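> Sequence first, predicted coordinates after that:
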Amino acid sequence: MNTAAVDVSALARQHLAAARARFPPYNYSPMFRRALGQCGYGLHHLQGEEVVAIVNHSQTREEFMGVIVTTFAVLARFGEERVRVDFDDLKRAELYEGWIQTVIKLHTVDDEIELPILRDVQPLASFLIDAARYKPVKRNAPVVLAPTDADLGCVEAFIASLTDDDSPEFAAWAGAARKRLEAGEDAAAVRDTVARLHLLRLHMSRGRGMHDGKFLSPLRPADLARITSELLPQPKEDPAPLLPDPTKVKDQMQAALLEKAVGAAVQKTLGVKVDLDDIIGDDTVEGRRFDPADGPPTTLVVGAPGEAESTWGMLKSLARKVIGDADGPGTYGAFALEGRTGRRWKELAALEPNRAFELLEELQLHEIEILSGA
């Protein structure tokens, strides 16, 4: 079967109804956003990623347990164990019936992963076996709010897009942007504000978004760096001595060589990539940090008059891909949220999913404060 023809949404409805899954359309809720957040995942809003199904095994409202399927990935969380597999990397799935437990094994490009589920195993296995043929098309979605001669700031289009499920404050914030436009402010600056409000709206209704493997923020990169340094001050690193200790250098080199040799041997024998630090290392989180960076341009949401079809617009788009965007008014913020165990920084959601979700919620309060002008 042609992989391009596989409809992952139809497959989910076909197989997961037996697991009492929830399917769109449905209203997003705090529980839903918590489910994504506690899986350490954000939807790729700017690429149109959507949730396909949720299999909820939660025992309480405070802590999500279960499986989430999106158009890009499969997520699972049980206890502190969390699994995320992109459909791009999924080669095949199989139902493995052992002596003690029946599990679903996911074979990826360079790993083998077991889904830690205790019930609904059969329907989930059937879905994943078929879904392994599906490969999503990932590209930036068309602009959401294109400017027109009558609405250069995209303000009216944004207000018209609001629904009863959105906070009424968004209309007020957009109204403030309209007043700036009427006062003679540059339309591009107003569009930039509207684009940030649009992303904040998505965060509040559908959960924190991601882009190119990093979490997204509607803030400008400079504002994001300032806020995140207040939320989690960077842990101080011990200054490196002018002359390294020869004994320590030797130990570090031996450890690195051993890790590389063991990892290569295991991968060659079993076909599984192994991180020795995950096997013998200590999982105690010694430090946490936001790692801010420049994100994508806000014009991915609001566009710019006449640029999309012009040669100049295409050249600007190509330049962005080659040299990136400067830290300016037209760039979103992006960041990784990490924890340090021993000598390595790792994704914090994989180590402390609840703490990661709490930090993202704290950040959102600051984002609302800045974008509302409070």
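Nice, I can see it.
> give me the low-pLDDT residue ranges for the protein?
Counting by pLDDT under 70, the chain contains low-confidence residues at 1-5, 26-28, 235-282, 305-329, 374.
> where exactly do the helices run in it?
All helices of the chain, identified by DSSP state H, fall at 8-16, 30-38, 121-131, 155-161, 169-182, 187-206, 221-231, 246-270, 276-280, 299-302, 311-323, 348-351, 353-371.
> Can you redo the ones you listed as TSV, where the extra columns are mean neighbour count and distance to residue 140?
(Each C-beta comes from the backbone N, C-alpha and C, glycine too.) As requested, the helices of the chain are exported to TSV (neighbours: other C-beta atoms under 10 Å; distance: least, C-beta to C-beta, whole Å):
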stretch	mean neighbour count	distance to residue 140
helix 8-16	19	20
helix 30-38	19	21
helix 121-131	20	24
helix 155-161	18	19
helix 169-182	16	23
helix 187-206	22	13
helix 221-231	18	19
helix 246-270	11	34
helix 276-280	13	34
helix 299-302	25	6
helix 311-323	11	10
helix 348-351	22	25
helix 353-371	18	22
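> Kindly reformat those as JSON lines containing distance to residue 103.
Shown next, in JSON lines, are the helices of the chain (distance: least, C-beta to C-beta, whole Å):
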{"stretch": "helix 8-16", "distance to residue 103": "17"}
{"stretch": "helix 30-38", "distance to residue 103": "22"}
{"stretch": "helix 121-131", "distance to residue 103": "8"}
{"stretch": "helix 155-161", "distance to residue 103": "44"}
{"stretch": "helix 169-182", "distance to residue 103": "45"}
{"stretch": "helix 187-206", "distance to residue 103": "31"}
{"stretch": "helix 221-231", "distance to residue 103": "38"}
{"stretch": "helix 246-270", "distance to residue 103": "17"}
{"stretch": "helix 276-280", "distance to residue 103": "19"}
{"stretch": "helix 299-302", "distance to residue 103": "40"}
{"stretch": "helix 311-323", "distance to residue 103": "41"}
{"stretch": "helix 348-351", "distance to residue 103": "20"}
{"stretch": "helix 353-371", "distance to residue 103": "21"}
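> Residue 74 is nearest to which of those helices?
Ranking those by distance to residue 74, with C-beta to C-beta as the measure, places helix 121-131 first at 6.9 Å.
> Report all helices and strands that that closest one contacts.
With contacts defined as 3 or more C-beta pairs under 8 Å, 6 or more residues apart in numbering; DSSP states H and E, the packing partners of helix 121-131 are helix 8-16, strand 66-70, strand 90-97, strand 102-108.
> Ok, which of those comes nearest residue 331?
For the helices and strands packed on helix 121-131, the distance to residue 331 is smallest for strand 66-70, at 25.6 Å, taking C-beta to C-beta.
> what's in contact with the closest one?
For strand 66-70, contacts defined as C-beta atoms under 8 Å, 6 or more residues apart in numbering pick out 8, 12, 16, 35-36, 39, 41, 43, 49-58, 74-78, 115, 117, 124, 127, 131.
> same check, this time on stretch 141-159
The set of residues that contact stretch 141-159 without belonging to it, under C-beta under 8 Å, 6+ apart, is 46-48, 161, 170-171, 174-175, 177-178, 181, 187, 190-191, 194-195, 197-198, 299-305, 308.
> Contact partners for residue 83?
Neighbouring residues of residue 83 by C-beta under 8 Å, 6+ apart: 74, 75, 76, 77, 106, 113, 115, 116.
> tell me the two of those residues that are most distant?
Greatest spatial distance among the contacts of residue 83 (C-beta to C-beta): 77 and 106, at 14.8 Å.
> Those two - which one has more neighbours?
The neighbour comparison of residue 77 against residue 106 (other C-beta atoms under 10 Å) goes to residue 77, with 25 against 22.
> Look up the closest residue to that one, ignoring the ones flanking it.
The spatially closest residue to residue 77, leaving aside those adjacent along the chain, is residue 39, at 5.1 Å (C-beta to C-beta, 6 or more residues apart in numbering).
> Fine by me, we can end here.
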